[in-house]
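> only geometry, no sequence info:
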């Protein structure tokens with residue numbers, strides 16, 4: 001059924017490799033293709049009509065003690081409060097060498113909360129790393145064009161005061177900050193388990209473990 005449209009489908013995917021298969025299906029359907037969406041998806045995969053992106057190799061991240069920390073915000077839905085609901089966010093800071101990390105919940109992800117969390121994390125961990133990695137958060141990066149970055153001046157003053165280098169990772173390069181993403185996932189899993197009430201208590205939470213991202217963590221909670 002699809003043979004007559006194979007050249008069109010192949011050319012479309014070559015020009016727009018990120019285009020959803022469902023969109024291309026609608027395009028060929030408008031051109032007279034009589035099959036259903038399931039048959040179309042099956043034939044596209046079977047014939048290899050969507051070009052495969054070349055696999056990319058990455059170097060394993062290795063750092064020295066105190067060399068690097070990774071920071072992330074995570075959204076945890078909403079939480080019931082008196083009079084309604086509020087959004088719930090978790091600030092996560094992880095040390096790249098030891099994989100020890102610190103978690104603090106907030107009702108917002110604004111700059112004051114961001115800076116407060118840094119100070120609390122550095123106080124608990126006993127210092128700060130030489131370099132901090134970030135996504136392109138508005139609290140850190142106001143504008144980015146290619147490799148050019150315009151930092152938030154208030155955050156630069158903060159980083160200068162504590163003596164660390166803020167370094168935004170490249171857009172859509174989550175592998176550069178994989179430890180923070182892994183720790184965020186660990187906290188998210190914890191929040192959906194029996195420890196949900198403890199996580200939602202908003203007590204700062206520090207988790208420490210071995211040198212493997214898959215290690216088990218020992219959780220300790222701090223009083224506010």
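That came in fine, so what should we check first? In this text the structure is predicted, and so the values were computed from the model without any measurement. Numbering: from 1, shown residues only.
> make it CA atoms for all contacts and neighbour counts henceforth
Noted.
> can you give me the domain assignment for the protein?
Annotated domains of the chain cover 3-47, 68-221 [automatic domain parsing].
> pick the most buried one from those.
Mean neighbours per residue, mean count of other CA atoms under 10 Å, is largest over those for domain 68-221, with a mean of 17.
> that one - what's its average pLDDT?
Here domain 68-221 scores 73 as its mean pLDDT.
> ok so, going back, pipe the domains of the chain into a markdown table and attach distance to residue 53 per row.
What follows is the domains of the chain, written out as a markdown table (distance: least, CA to CA, whole Å):
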| stretch | distance to residue 53 |
| --- | --- |
| domain 3-47 | 9 |
| domain 68-221 | 15 |
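> for residue 62, which of those is the nearest?
Among the domains of the chain, the nearest to residue 62 by CA to CA is domain 68-221 (7.4 Å).
> so which elements touch the top strand by length along the chain?
Determined from DSSP state E, the single longest strand within the chain is strand 68-81. On a contact count with 3 or more CA pairs under 8 Å, 6 or more residues apart in numbering; DSSP states H and E, strand 68-81 meets strand 84-95, strand 131-134, helix 178-191.
> centre of the chain versus the helix or strand residue 40 falls within, how much separation?
In the assignment (DSSP states H and E), residue 40 maps to helix 37-47. Averaging C-alpha positions (CA atoms, centre = their mean, to the nearest Å) puts helix 37-47 32 Å from its chain's average.
> ok, now stretch 36-48?
With CA atoms, centre = their mean, you get 32 Å for stretch 36-48.
> does residue 136 touch residue 169 like I think?
Yes: the criterion here is CA atoms under 8 Å, and residue 136 meets it with residue 169 at 7.1 Å.
> now do the longest strand of the chain and strand 84-95, the angle between them.
For strand 68-81 against strand 84-95, the angle by axes from the mean of the first three to the mean of the last three CA atoms, to 10 degrees is 160 degrees.
> adjacent strands (with direction) for strand 68-81?
strand 84-95 (antiparallel), strand 131-134 (parallel) (DSSP bridges).
> quick one: contacts of the longest one?
By CA atoms under 8 Å, 6 or more residues apart in numbering, the residues outside strand 84-95 that reach it are 66, 68-80, 100-109, 114, 117-118, 121, 129, 179-180, 183-184.
> show me what whichever helix or strand comes after it is packed up against.
Next helix or strand after strand 84-95 toward the C-terminus (DSSP H and E): strand 101-106. When contacts are defined as 3+ CA pairs under 8 Å, 6+ apart, strand 101-106 sits against strand 84-95, helix 111-125, strand 205-208.
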